[in-house]
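**Student:** would you be able to build a 3D model of this:
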Amino acid sequence: MKEDTPILYPNERVGARVGAYAQEHTTGIPRHIVEYHGYVCDTMPETANYMVSTSQAQAMSFLAKTLGAKRILEVGVYVGLSSLVWSHAVGPEGRVTGLEFDPSFANLAEEAFKKYGVKNVEVIVGDALKTLPALSPTAPYDMIFIDAQKSGYPEYLKSILESSLPGSQNRLLRPGGLIIGDNTLRCSFVADDSEDNPWRQFDFGPRRSEYWKSDDIKTLRRYNEMVTEADRLENWLCPLWDGINISRLLD
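**Tutor:** The predicted model follows:
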C-alpha cells in the first residue's frame, strides 16, 4: 500500500476482528501473563489502563527477543504486568530492573512475581526523576521501557542520554540499545488535538478536563521532538495502541 495515511480499518467491529486475528497468528505470551492481565482488569478497573494490552505485550516480547536483550530497565512498573513480559523475554539468566513511584503498586508487583515464581526482576521504589540518574549498573541495559508519568518523559530521555555517553563507565544503555516510550501519541492528541478528534468528547474525569490541552500532551510532544532532534538516536514512532516511540542509541 503506497499511501502513508494509516486508514487501518473501516469501523471498530472490523478493527476488533482484525486485532483478534492478528493476536491469534502472533507468537503467544505465557498463560500466567494473560491470566494476570485479566485479574488486574477485573480487580483494579480504575487503574487497569496503566497496563499494556496483551497484543502489545506480544510485540514487546518479540522485540526484546529479536534484539537478544538480557538486561532491561523499566521506568514505571505499575503492578508488574509488563515486568512479567520482560522477565519472560530475557529468560531466567536475564535481569529486569523496574522503577516505581507508588509503594502500593510495587508491593502488588512483588506479590505477582512471588506467585508466578519470577526471580529475575528487581523493583526500586521512588521517584524515577531521582532514581533513574542515580543508577550505576555493572553492565549497560539492552532496552529501556518508559511507561511512567508523562510529565517526566523529556527528563527521563535526557537522563538516559547523559548516562550513556560513549566510553563512559557504568553507562546506562549499550550502543545499539533501544529506548521505548509508551503512550507517545496519547489518544492521538499529540498529533491532532483539533475538533476532528472524537476523543475530545470522552469523559477523562473532573481532574482531566480538556485533556487535549494538558501538560501531558505538551510534554509528550516535547519528548517526540527531542527523540527526532537527537543526533544519537534513530527512531520509529509506531502509530499502534496509544503510540510507541522506538529509538535506537548510536555511538
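**Student:** how many residues are close by V90?
**Tutor:** 23 (other Cβ atoms under 10 Å). Every residue, glycine included, has its C-beta placed from N, CA and C.
**Student:** apart from its chain neighbours, what residue comes closest to it?
**Tutor:** Sequence neighbours aside, K70 is the residue nearest to V90 in space, at 5.2 Å (criterion: Cβ to Cβ, 6 or more residues apart in numbering).
**Student:** and D182, by the same measure?
**Tutor:** Nearest residue to D182, sequence neighbours excluded (Cβ to Cβ, 6+ apart): D147, at 4.1 Å.
**Student:** kindly report the same for E155.
**Tutor:** L129 (5.8 Å).
**Student:** show me what the helix or strand harbouring the one you found is packed up against.
**Tutor:** Here L129 sits within helix 128-134, counting by DSSP states H and E. Contact analysis of helix 128-134 by 3 or more Cβ pairs under 8 Å, 6 or more residues apart in numbering; DSSP states H and E lists strand 95-100, helix 153-162 as its packing neighbours.
**Student:** of these, which stretch is the most buried?
**Tutor:** strand 95-100 (a mean of 25; mean count of other Cβ atoms under 10 Å).
**Student:** quick check: neighbours of it in the sheet, parallel or antiparallel?
**Tutor:** strand 71-75 (parallel), strand 121-125 (parallel) (DSSP bridges).
**Student:** quick one: the first one to helix 153-162, angle?
**Tutor:** An angle of 150 degrees separates the directions of strand 71-75 and helix 153-162 when computed by axes from the mean of the first three to the mean of the last three Cα atoms, to 10 degrees.
**Student:** L185 looks like it's in a helix, true?
**Tutor:** No. Read with DSSP: H, G, I helix; E, B strand; the rest coil, L185 is coil and lies in no helix.
**Student:** which residue packs closest to it, ignoring adjacent ones?
**Tutor:** Setting aside the residues directly before and after it, L185 is nearest to G243 in space (Cβ to Cβ, 6+ apart), at 2.6 Å.
**Student:** distance of the residue nearest to E155 relative to A22?
**Tutor:** L129 sits 36 Å away from A22, going by Cβ to Cβ, to the nearest Å.
**Student:** these two: which has the busier surroundings?
**Tutor:** Between L129 and A22, counted using other Cβ under 10 Å, L129 has the larger neighbour count: 17 against 12.
**Student:** residues touching the more buried one, list them.
**Tutor:** Residues in contact with L129 (Cβ atoms under 8 Å, 6 or more residues apart in numbering) are G152, E155, Y156.
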